[in-house]
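S.K.: starting from these lines, generate the structure:
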Amino acid sequence: MTPTDARAVTFAAGELSLEGALHLPAAAPAPGVLVCHPHPQYGGDMDNNVVVAACEALAAGGCAALRFNFRGTGGSDGAFDQGKGEQDDARAALAWLAALPEVDERRLGLVGYSFGAVVAAEVAGGQLRGLALISPPLNYADLRVAWGCPALLLGSDQDPLAPAARLRLVADAPGVELHLVTGADHSWWGYEDELGSVLAEFFGRHFQ
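M.R.: As a prediction, this is how the structure comes out:
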């Protein structure tokens with residue numbers, strides 16, 4: 001299996017069955033990273049360009065990366081739950097990922113993009129070696145920042161939903177890094193490779 005291949009998977013979140021795609025690196029056991037997708041009511045799902053780019057970059061960098069559809073999205077059971085049930089989905093996905101024989105359960109990471117970043121910020125804790133929040137929509141949501149693990153805020157200078165000034169305020173805390181990409185907007189079209197490189201470098205450092 002090459003880093004860009006993905007294996008279709010399903011796992012349980014309570015009574016629901018969620019669908020996902022698992023990207024595996026060449027060597028195992030490997031660190032595991034869960035990637036959460038943007039808002040499903042605005043077209044977000046696990047096949048989003050940012051989500052796929054993140055998983056492919058992480059797999060190429062030696063990590064097992066799992067992307068999945070929140071409840072009510074794609075082939076996943078259930079219905080949209082305003083971000084509350086989605087937190088349970090992310091916790092279930094992390095537990096499923098950690099239990100895989102290809103994954104080193106002591107080296108886990110979490111990535112969220114847009115709506116997925118808000119979900120990830122609520123789920124993150126000291127069990128993680130790293131947390132990366134891509135374009136958290138700070139104009140519409142606040143972030144919990146007591147994560148207990150190293151964190152990366154990844155944004156851009158052309159994103160009205162996640163203004164750079166507000167990202168700088170959130171990043172003014174111990175253990176939080178900020179990386180701003182010049183020219184990208186909230187969609188990250190055309191900047192996927194740069195985004196992936198930043199993520200791979202961050203997790204590479206913190207998984208050592």
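
S.K.: partners of the longest strand anywhere in the chain in the sheet?
M.R.: Using DSSP state E to define each element, the chain has its longest strand at strand 103-113. As defined by DSSP bridges, the strand partners of strand 103-113 come to strand 30-36 (parallel), strand 130-134 (parallel).

S.K.: now do the buried residues in it.
M.R.: Buried residues in strand 103-113, counted by 16 or more other C-beta atoms under 10 Å: 103, 104, 107, 108, 109, 110, 111, 112, 113. C-betas here are computed from N, CA, C, even on glycine.

S.K.: show me the two of those that sit farthest apart.
M.R.: Spatially, the most separated pair among the buried residues of strand 103-113 is 104 and 113, at 24.0 Å (C-beta to C-beta).

S.K.: export the strands paired with strand 103-113 to JSON lines and append columns for mean pLDDT and distance to residue 191.
M.R.: Formatted as JSON lines, the strands paired with strand 103-113 follow (pLDDT from 0 to 100; distance: least, C-beta to C-beta, whole Å):
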{"stretch": "strand 30-36", "mean pLDDT": "98", "distance to residue 191": "17"}
{"stretch": "strand 130-134", "mean pLDDT": "98", "distance to residue 191": "11"}
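
S.K.: and of these, who's closest to residue 85?
M.R.: strand 30-36 (13.0 Å).

S.K.: so which residues make contact with the closest one?
M.R.: 24, 46, 51, 54-55, 58, 62-68, 70, 86, 90, 93-94, 97-98, 100, 102-105, 107-113, 116-117, 119-120, 129, 203, 207 (C-beta atoms under 8 Å, 6 or more residues apart in numbering).

S.K.: please report the distance of the most centrally placed residue in the chain from residue 149.
M.R.: In the chain, the residue lying closest to the centroid (C-alpha atoms, centre = their mean) is residue 111, at 2.1 Å. Distance of residue 111 to residue 149, given as C-beta to C-beta, to the nearest Å: 13 Å.

S.K.: now, the contacts of strand 30-36 that are in helices?
M.R.: 51, 54-55, 58, 86, 90, 93-94, 97-98, 116-117, 119-120, 203 (DSSP state H).
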